[in-house]
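okay, structure incoming, though there's no sequence with it:
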Ligand SMILES: [Zn+2]
């Protein structure tokens, strides 16, 4: 086991975080390393909440939090065959290798180091916070919601990997369950019942024909079935009483889950007015601190306009640091669904690492990108929460 470093920089902190790993609900050791690093780097306050999110702040006490940077501490499993130990955190060929290096131990380490650097200048006029949040890989937004309640920031940076490009939008996602109720009967006499599978097949066909809205920034939306299960399962020699379908619906800015559900209900009512019920999927989660909570899988899309001062500030910092100031969008869901989608807080995304390297075998992150992101976060903090 490697010794934890006593001095933290973006490289050593990324390596140390990668070596711990930690899937959702198991982030305790990552959280204590984050607390140690924030303390060693001179954060003014370092706190944890009941869910296990760690938040550090720099800047003058009793001032509002002008900017909050968020990075999650959990990783997805290191499945498949890797060229190196997925938790080696080894530095080789200009990159740190391992699960979570890009998504998102590297981005989290650079946020911590960059904000510490901004704090050390002594020029901040407002507080800047870094949240190391839990369980993003299983339920986006739920952990950040607690942090936002507690710290009430004026603007948010989602530090998910963006290849050092500014992201100002993100598609949303609603997970929908369609329950189909049939009439069970002996399979030898199907005419005596009503086959829930045949009803479900009609539903799948009808929903595939449903026209999806076109978002001017985020493109054409998607509705796709991801799961089908009969009940009882297995249903041997009998028509099943029930079938449940799971749908993934990618959403555009301003689309509300209840309107989406109603649209689906209308289509299904034409097949049968009674057989279908539709709901948003929800599940119970347990954080590493033992806190149990329920959350719906309803993650709104968001877009922060280029006229927003946060976007302008980010673009100025990027230009000053020799990076491209163009705006793009995330293709995957992030904690931004909570900050921007639900709360309308000015929000941008920016992080080191290429989005396409997230969740893959042999994940790695370039050290150049770690240094560039650290410089950007520090500059942005000073621009947004500094002496103007
Ligand atoms: Zn991530």
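Happy to help now that I have it. What you see is a predicted model; the values in this text were computed from it and never measured.

which residue ranges of this protein form helices?
For the chain, the helices defined by DSSP state H occupy 10-20, 28-40, 106-120, 142-151, 196-208, 257-271, 309-320, 336, 367-385.

could you dump those to a markdown table with mean neighbour count and distance to residue 279?
(C-beta placed from N, C-alpha, C; glycine too.) Output for these, formatted as a markdown table (neighbours: other C-beta atoms under 10 Å; distance: least, C-beta to C-beta, whole Å):
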| stretch | mean neighbour count | distance to residue 279 |
| --- | --- | --- |
| helix 10-20 | 24 | 37 |
| helix 28-40 | 20 | 33 |
| helix 106-120 | 27 | 34 |
| helix 142-151 | 21 | 18 |
| helix 196-208 | 17 | 14 |
| helix 257-271 | 15 | 7 |
| helix 309-320 | 18 | 36 |
| helix 336 | 32 | 25 |
| helix 367-385 | 23 | 40 |
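
redo the ones you listed as CSV? Include mean pLDDT and distance to the ion.
Compiled in CSV, those are given as follows (pLDDT from 0 to 100; distance: least, C-beta to the ion, whole Å):
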stretch, mean pLDDT, distance to the ion
helix 10-20, 98, 13
helix 28-40, 98, 13
helix 106-120, 98, 8
helix 142-151, 98, 12
helix 196-208, 98, 29
helix 257-271, 98, 22
helix 309-320, 98, 19
helix 336, 98, 11
helix 367-385, 98, 14
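
between those, which gets nearest to residue 236?
Residue 236 lies closest, by C-beta to C-beta, to one member of the helices of the chain: helix 196-208, at 13.7 Å.

what are the contacting residues of the closest one?
Helix 196-208 is contacted by residues 178, 180-182, 223, 225, 228, 230, 239-243, 245, 247, 264, 267-268, 270-272, 275-276 when judged by C-beta atoms under 8 Å, 6 or more residues apart in numbering.

mark which of those residues are buried, thanks.
178, 180-182, 223, 225, 230, 239-243, 245, 247, 264, 268, 275-276 (16 or more other C-beta atoms under 10 Å).

phi, psi of the closest residue to the ion within the stretch 151-300 of the chain?
The ion sits closest to residue 160 of the stretch 151-300 of the chain, with a gap of 4.9 Å, by C-beta to the ion. Main-chain dihedrals, residue 160, degrees, to the nearest 10: phi -60, psi 150.

number of residues surrounding it?
28 (other C-beta atoms under 10 Å).

verify the stated contact: it with residue 334.
Yes: if you go by C-beta atoms under 8 Å, residue 160 and residue 334 touch, sitting 5.0 Å apart.

between these two, which contacts overlap?
Counting by C-beta under 8 Å, 6+ apart, the contacts common to residue 160 and residue 334 are residue 349.

quick one: the residue in the stretch 51-200 of the chain that the ion sits nearest to from residue 302, how far?
Using C-beta to the ion, the single residue of the stretch 51-200 of the chain nearest to the ion is residue 103, 4.1 Å away. Distance check for residue 103 against residue 302: by C-beta to C-beta, to the nearest Å, it reads 19 Å.
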